[in-house]
Every structure is written in C-alpha cells, then in structure tokens.
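In: Provide a 3D model corresponding to the input given below.
(one chain, ligands or ions: 3)
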Amino acid sequence: MSVWKLNNSHVQYFKWLLGSESAVIDGVSKDATADLEAFNCDWMRKYRGHTKLVLRPRSTGEVSRIMKYCSDNMLAVVPQGGNTGLVGGSIPVFDEIVVSTARLNNIRSFDEVSGVLVADAGCILEVVDRHLAERSYTFPLDLGAKGSCHIGGNLATNAGGLRLLRYGSLHGNVLGIEAVLPNGTVVDELSTLRKNNTGYDLKQLFIGAEGTIGIITGVSILCPQRPKAVNVAYFGLENFEKARLAFREAKRHLSEVLSAFELMDGGSQDLVEKVTNNRPPLKGKYPFYCLIETSGSNKEHDDEKLGGYLEFVLNEHLISDGVLAQDETQVRSLWSWREGIPECLGHWGGVYKYDVSIPLPELYQLVDDTRARLSSVGLIGDDENFPVVGVVGYGHMGDSNLHLNVSTRGFDKEVEKQLEPFVYEWVQKRNGSISAEHGLGIAKKPFIGYSRSHKMLNMMKDIKNLYDPVRRAIPDGLSTVANVYNQNE
Ligand code: FAD
Ligand code: MLT
Ligand code: ZN
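Out: Ligands and ions are numbered 1, 2, ... in the order given. A predicted model of the protein is given here:
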C-alpha cells in the first residue's frame with residue numbers, strides 16, 4: 001500500500017515543479033490543517049475531505065506534469081473549481097490530492113463579432129460575465145453561485161441555471177475544450193468553430209463528466225448579445241395547476257423574449273422571509289409563486305408583450321396577484337426571493353437536496369408526497385424536538401426541473417432513511433432523472449441505476465477505463481481523477 005501513499009518526496013517534487021510556496025498547500029511535511037480546511041469542506045458542510053495536499057497550477061503545462069506524475073506514482077487526485085457543487089464531487093473524501101483551478105484564471109480572447117470567448121477554466125463565472133458586459137455580451141449561463149463557481153466547474157457539472165430555457169444547455173454553447181487526461185496528455189480541442197462535423201464530438205464527453213476522465217483547463221464558448229431590455233414579474237398563484245397553465249401562456253404570449261420561468265412554493269418564500277427579515281414582494285400569502293423574466297432588445301416591444309400576458313393571466317384568474325419590477329434595484333430584489341432560497345435553507349444546520357427532472361404535470365407532487373411521508377412518521381415540527389424544519393419545492397419550471405429540499409436541524413440518519421431511496425423510486429416510476437443539473441458526485445453516485453440502465457452504465461465504465469486505465473490497478477477508495485466511479489464497482 002505504501003506505494004500509493006503520499007509522502008514528503010512527492011511534495012518536494014510538486015514544490016519544485018510549481019516553483020512557488022503558495023502554489024502548494026502542504027499538510028504532509030507540516031501542519032497546514034487550517035489552510036486545507038476550505039478544500040476539505042463543501043458549501044453545505046455535509047461532506048468531509050482528508051486531503052493533505054492542494055496544488056494550484058498556473059498553466060495547462062503544469063496540470064499536465066502534475067497528472068503525469070500522479071499517474072506514474074499512482075496518486076489519486078480530485079479537481080476542484082469554486083467548490084460550490086452540491087453533491088460532494090469536489091471534496092477529497094478519501095485522501096486525494098486536490099488540483100485547484102483557482103490560478104488558471106486568464107481570459108484568453110474574445111471576438112466581438114462572433115461572440116466567441118476563450119478562457120481558462122478557473123475564471124470565476126461572474127468575472128467573465130462582467131468582462132462580457134463591457135462588450136455588450138453575456139455568458140449563456142447564470143446561477144446563484146456565480147460569484148464563486150468557475151467556468152470549468154460549470155462545464156464539468158453541465159450546470160443548468162436560471163436561463164437554460166432561453167440559451168439552452170452548455171452542450172450546445174460550448175465550442176471547444178482544452179483538457180488534461182489522467183496520464184498527462186493534453187487534449188487540445190479549443191476550437192472556435194460553430195460547425196465541425198469531422199468524426200466524434202469528443203469535447204461533449206467532458207461536459208457533465210464531473211472530472212472523471214480529465215481536468216478541463218480551457219473553454220471556448222459562444223456568448224449571446226446582452227439583452228438591452230429586461231423585465232421581471234413576480235406573482236402569487238392558488239395552486240400548481242395554475243402555475244403550469246401560466247407557464248403555457250408565457251410561452252404563447254412571450255415566445256422569443258421569455259428568458260426565465262421559475263417556481264417557488266409558499267414554504268420556500270416563508271423561509272426566505274424568516275431568515276432575511278425582508279418584506280415579501282406581495283401583501284398576501286399564496287401556496288405558489290412564479291418569477292418570470294423577459295429579455296430583449298426593444299423595451300417598448302417587451303413591455304407591451306409582458307403587459308398583454310399579465311392582463312391575460314389575471315383575467316383568466318390564473319394568477320392571484322403580481323408585481324412588476326420598475327427599475328434595476330427592483331429587478332435584483334425580486335430575483336433575491338428566488339436566488340436566495342439555497343442559502344436560507346441551510347440556516348438551521350442541514351439540508352437534504354434533491355435536484356430532479358419530472359414530467360411537468362407531476363412536478364410538485366413529489367414535494368407533497370415527501371412532506372406527507374415525513375409527517376406520518378412524526379419527523380416534522382415547529383420546535384426543536386423535531387429534526388425537520390420544512391419540506392419545500394422550487395426550481396426551473398421552464399425546464400421541468402424541481403429542487404426538493406428538506407431543511408433540518410442537522411444531518412440526521414433517521415430523516416435520510418425516510419428520504420432515500422424513497423425519492424429516487426418516486427422519480428424512477430415517472431421516468432424522471434435523479435439528477436437534473438447538479439450531477440452525481442458522491443451523493444447520488446450509488447443511485448445512478450434509478451436513472452440509467454446497466455447497458456448505459458457499462459458504456460460509461462468503458463469510457464472511464466479507456467481514459468483512466470491506471471485507476472483499474474489501484475484499490476477501491478482511490479481514483480486517479482475524480483470520485484464518481486471509484487467505489488463498489
Ligand atoms: P466544484 O464544486 O469545484 O466542482 C464540481 C465538480 O466538477 C466536482 O466533481 C469537481 O471534481 C469537478 N470539476 C471542477 N472543476 C473541474 C475542471 N476544471 N475539470 C474537471 N472537473 C472539474 N448548479 C446548477 O446546475 N444550476 C444552478 O442554478 C445552481 N445554483 C447554485 C446556487 C448556489 C447558491 C450554489 C451553492 C450552487 C449552485 N449550483 C447550481 C451548483 C454549482 O454551483 C454548480 O454545480 C457549479 O457548476 C459548480 O462549479 P464549481 O467551480 O464550484 O465546481
Ligand atoms: C438553484 O436552482 O437555486 C440551484 O440549483 C441550487 C439549489 O438547488 O438549491
Ligand atoms: Zn437549480
């Protein structure tokens with residue numbers, strides 16, 4: 001076993017390779033526990049890592065040499081971007097070396113005619129979007145973690161976010177990828193072409209692979225024009241069926257200017273109110289709320305369309321009350337009632353997060369059924385004797401993507417036993433997906449069979465073994481890249 005154990009001579013090699021003290025956080029030859037903490041703990045504080053070494057390369061060449069050395073010496077690594085993932089995938093839950101992309105943070109080029117951006121994988125999403133805003137463009141992905149997540153992490157998780165409805169998935173927008181395979185080979189596919197039908201489109205394998213077949217170091221992506229006019233409306237509804245019909249009508253009335261349609265249940269909005277103490281956008285309380293955004297190039301045209309839509313849904317009694325943002329501050333404030341939900345849910349200590357795709361008619365039923373199940377066994381209540389604080393649902397209704405969240409006073413095995421595999425079985429019965437956009441990580445990996453057949457799983461394993469053959473030679477609990485397929489295979 002000692003051949004796979006990280007030792008001081010490995011650390012000395014990495015210090016020599018990366019050349020600067022600050023590029024290596026070394027917990028092998030000295031105590032660096034405090035410096036390593038941020039890399040060993042996830043955003044939800046649910047998963048614990050045990051890394052003793054973090055490497056922060058500055059170039060693709062350095063990543064390549066790190067990976068070659070790790071492969072030759074059978075050292076396991078896990079790539080880490082902004083560490084905002086919600087399934088534990090970026091955490092070195094065994095004793096992997098963390099390869100952080102934080103210093104791969106240069107914007108390489110931007111073409112103002114084609115809208116093609118080429119950037120290092122470690123650029124922070126919000127920084128890239130600001131760069132694009134100065135040139136009247138926008139990144140085709142937006143999400144609540146934009147201030148911390150890296151664009152390489154976004155690709156690795158195939159993040160969906162708030163405007164997938166408008167701009168589509170990263171599988172469509174990414175034009176090229178530069179990546180380093182586990183053996184150190186650099187995959188140079190940083191094409192800026194929109195069309196290239198010459199054989200397999202291999203870059204797609206890296207999008208959503210969660211670092212299992214290589215580390216993404218560069219990204220080429222097609223960016224849309226930044227909308228000149230943005231409208232946001234927030235409204236209350238009596239039931240889920242009305243929300244569904246309001247979405248149907250939004251597509252009909254707003255078609256090309258519709259850029260987001262988000263659903264929030266009353267419970268999620270009550271939690272945000274409780275935690276932030278902010279005054280809710282509407283006077284009355286409703287079981288459901290929707291946030292709708294239009295983005296276009298002609299304000300008058302969009303105002304007229306949105307006005308027509310709101311008049312229609314009010315007259316048809318689909319919505320009960322609503323508010324339309326009058327300026328940029330109000331736009332941000334209305335969005336905060338949606339984007340602020342994840343942070344508020346963790347307020348009591350723990351949160352069980354399920355990110356599922358379900359056919360739209362039954363989207364919300366999962367929340368009701370989960371709440372009923374936890375109630376029937378006496379786990380939900382207002383005081384501290386009950387572990388569960390609330391069961392809420394929200395999400396990207398425009399993409400049939402529900403976020404079922406169970407907020408708790410701490411991570412609790414009794415609660416978990418009631419939720420899993422119950423939630424996964426429920427989703428499987430409806431031919432849904434147990435992970436719509438967050439990925440598998442270590443949280444969902446044991447349950448992949450609820451969404452993929454044995455045949456598909458075997459094809460995935462073949463791909464993993466092709467690109468990461470060394471992993472086959474080392475014992476369970478270690479992987480040469482990330483930790484999706486490394487246990488109980
Ligand atoms: P990390 O968390 O560091 O890593 C995630 C996974 O990718 C890990 O498996 C890691 O090993 C791997 N990885 C990271 N970088 C690389 C790389 N360069 N090459 C190869 N593998 C790599 N997700 C959504 O899809 N939609 C949302 O709307 C959304 N909203 C969020 C809101 C909040 C408040 C938070 C905290 C999270 C949200 N997420 C959302 C989840 C998360 O932000 C995304 O998954 C994001 O894309 C992760 O990027 P990251 O850089 O933080 O990656
Ligand atoms: C979101 O849509 O807010 C994110 O996916 C995070 C979450 O699920 O809480
Ligand atoms: Zn989401």
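
In: From the structure, what's the count of residues near Gly340?
Out: Gly340 is flanked by 18 other residues according to other C-beta atoms under 10 Å. Heads up, the C-betas are built off the backbone N, CA and C, glycines and all.

In: For it, which residues are in contact?
Out: Residues counted as contacts of Gly340 (C-beta atoms under 8 Å, 6 or more residues apart in numbering) are 144, 272, 276.

In: Can you tell me the element the first one falls in?
Out: In the assignment (DSSP states H and E), Gly144 maps to no helix and no strand.

In: Does whatever residue of the stretch 251-400 of the chain ends up closest to ligand 2 lie in a helix or a strand, and which?
Out: Residue nearest to ligand 2 within the stretch 251-400 of the chain (C-beta to the nearest ligand atom): Pro342, separated by 3.5 Å. Per DSSP H and E, Pro342 falls inside helix 341-345.

In: Give the other helices and strands that that helix contacts.
Out: helix 266-276, strand 388-396, strand 401-408 (3 or more C-beta pairs under 8 Å, 6 or more residues apart in numbering; DSSP states H and E).

In: wait, does the second one make contact with ligand 1?
Out: Read it as strand 388-396. No: Strand 388-396 is not in contact with ligand 1 by C-beta under 6 Å from any ligand atom; minimum separation 7.2 Å.

In: OK, now which residue of the stretch 101-250 of the chain is nearest to ligand 2?
Out: Gly144 (5.0 Å).

In: Quick check: phi and psi on that residue?
Out: Gly144 adopts backbone torsions of phi -60, psi -20, taken as degrees, to the nearest 10.

In: Then Gln418?
Out: Per degrees, to the nearest 10, the backbone of Gln418 is at phi -70, psi -30.

In: My guess is it contacts Ala372. True?
Out: No: applying C-beta atoms under 8 Å as the test, Gln418 and Ala372 come out as separate, 11.1 Å apart.

In: So if I had to pick from those two, which one is more boxed in?
Out: Neighbour count, other C-beta under 10 Å: between Gln418 and Ala372, Gln418 has more, with 19 against 11.

In: Now do the contacts for the more buried one.
Out: Counted by C-beta under 8 Å, 6+ apart, Gln418 has contacts 373-374, 377, 379.

In: Out of these, list just those in helices.
Out: Per DSSP state H, helices hold the following members of the contacts of Gln418: 373-374.

In: By neighbour count, which of the contacts of Gln418 wins?
Out: Leu374 (22 neighbours).

In: residues contacting that residue?
Out: Counting by C-beta under 8 Å, 6+ apart, Leu374 makes contact with 380, 388, 391, 406, 415, 418-419.

In: pLDDT averaged over whichever helix in the chain runs longest - what is it?
Out: Scanning the chain for the helix with the most residues, using DSSP H, yields helix 299-315. Throughout helix 299-315, pLDDT has a mean value of 97.

In: Check stretch 142-161 too.
Out: 98.

In: Next, the distance between the ends of that stretch.
Out: 6 Å (C-alpha to C-alpha, to the nearest Å).

In: quick one: Val423 from ligand 2, how far?
Out: 14 Å (C-beta to the nearest ligand atom, to the nearest Å).

In: Can you tell me the element the closest residue to that residue other than its chain neighbours falls in?
Out: Distance criterion C-beta to C-beta, 6 or more residues apart in numbering; nearest residue to Val423, sequence neighbours excluded, is Tyr354 at 5.1 Å. Using DSSP H and E, Tyr354 sits in strand 350-357.

In: got the buried residues for that strand?
Out: 350-357 (16 or more other C-beta atoms under 10 Å).

In: Can I get stretch 94-107 as PDB, trimmed to CA atoms?
Out: The C-alpha trace of stretch 94-107 is given here as PDB (Å, rounded to 0.1, in the frame of the first residue of the first chain):
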ATOM      1  CA  PHE A  94     -10.600   9.800   0.600                       C
ATOM      2  CA  ASP A  95      -7.100  11.300   0.600                       C
ATOM      3  CA  GLU A  96      -6.800  12.600  -2.900                       C
ATOM      4  CA  ILE A  97      -4.600  15.400  -3.900                       C
ATOM      5  CA  VAL A  98      -6.700  18.500  -4.700                       C
ATOM      6  CA  VAL A  99      -5.900  20.100  -8.100                       C
ATOM      7  CA  SER A 100      -7.400  23.500  -7.800                       C
ATOM      8  CA  THR A 101      -8.100  25.600 -10.900                       C
ATOM      9  CA  ALA A 102      -8.100  28.900  -9.000                       C
ATOM     10  CA  ARG A 103      -4.900  30.200 -10.600                       C
ATOM     11  CA  LEU A 104      -5.900  29.200 -14.200                       C
ATOM     12  CA  ASN A 105      -7.800  32.500 -14.400                       C
ATOM     13  CA  ASN A 106      -6.900  34.300 -17.600                       C
ATOM     14  CA  ILE A 107      -9.400  35.400 -20.200                       C
END
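
In: Now it: buried residues?
Out: Applying 16+ other C-beta under 10 Å to stretch 94-107 flags 94-105 as buried.

In: and if you look at stretch 19-34?
Out: Across stretch 19-34, burial judged by 16+ other C-beta under 10 Å covers 23-28, 32.

In: just stretch 295-302 next, same as before
Out: Quick answer for stretch 295-302 (16+ other C-beta under 10 Å): 295-296, 302.

In: which among the residues you listed gets closest to ligand 1?
Out: The closest of those, once distances to ligand 1 are taken by C-beta to the nearest ligand atom, is Ser295, at 17.0 Å.

In: re the thing from before, if we look at the longest helix of the chain, which residues are touching it?
Out: Residues contacting helix 299-315 (C-beta under 8 Å, 6+ apart): 228-229, 231, 233, 235, 246, 249-250, 253-254, 257, 292, 294-296, 319, 322, 324.

In: The very next helix or strand once past it pairs with which strands?
Out: Toward the C-terminus, helix 299-315 is succeeded by strand 321-324 as the next helix or strand (DSSP H and E). Sheet pairing of strand 321-324 (DSSP bridges) gives strand 229-237 (antiparallel).
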